[in-house]
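**Q** Everything below, folded, please.
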Amino acid sequence: MSLSPIDPITAALNFGGKILDRVIADPNTREEARIKLAELQQHGDLAVLTTEAGLIQAQIEVNKAEAQNPRLFVSGARPFITWVCGFAFAYHFVVQPLLAFLMAASGHPVALPTFNMDTLMTVLFGILGLGGLRSFEKIKGVASR
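**A** You can find the predicted model right below:
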């Protein structure tokens with residue numbers, strides 16, 4: 001995971017590297033100091049990844065407890081939202097275009113209602129966990145910030 005130049009830790013380490021260039025005259029000593037700075041940066045990245053992994057694990061535990069709750073109001077919330085998103089997705093991409101075509105073909109064109117797909121997709125991707133793919137890309141260093 002690479003941190004952006006705006007990140008204060010990276011900025012401090014970059015600044016530290018510039019100071020090392022000016023303060024330490026011996027190239028070998030300067031290189032050793034640079035290695036130590038790079039190790040500090042890696043430990044910071046590792047701490048961030050460890051924190052993120054802990055948060056993900058905590059959310060998984062909450063999801064398990066929620067799913068095992070005997071009350072439908074608690075355990076049924078996620079499935080309810082999933083079904084609503086599924087029906088809205090099916091309506092928007094299958095039912096509504098098909099109905100509009102059939103109505104127009106029969107000589108009775110009707111303007112069927114539409115809704116904000118951006119909001120639906122945000123909720124649906126969140127429920128399906130597709131946001132985690134972006135985090136995985138960042139961890140593997142495939143995606144840029």
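
**Q** Does residue 84 lie in a helix or a strand, and which?
**A** Per DSSP states H and E, residue 84 falls inside helix 77-90.

**Q** Next, the buried residues of that helix.
**A** By neighbour count with 16 or more other Cβ atoms under 10 Å, helix 77-90 contains the buried residues 85, 88. Glycine gets a C-beta too; all of them are placed from N, C-alpha and C.

**Q** do the same with stretch 99-118
**A** Applying 16+ other Cβ under 10 Å to stretch 99-118 flags no residue as buried.

**Q** same for the helix holding residue 84, what does it pack against?
**A** Applying 3 or more Cβ pairs under 8 Å, 6 or more residues apart in numbering; DSSP states H and E, one finds that helix 77-90 contacts helix 27-68, helix 117-128.

**Q** and those, which one is worst for confidence?
**A** Per-stretch mean pLDDT for the helices and strands packed on helix 77-90 is lowest at helix 27-68 (a mean of 74).

**Q** could you give the angle of that one to helix 77-90?
**A** If you take axes from the mean of the first three to the mean of the last three Cα atoms, to 10 degrees, helix 27-68 sits at 90 degrees to helix 77-90.

**Q** Identify the structural domains in the chain and state their residue ranges.
**A** Here the domain parsing of the chain from automatic domain parsing is 1-68, 71-145.

**Q** Thanks a lot, see you next time.
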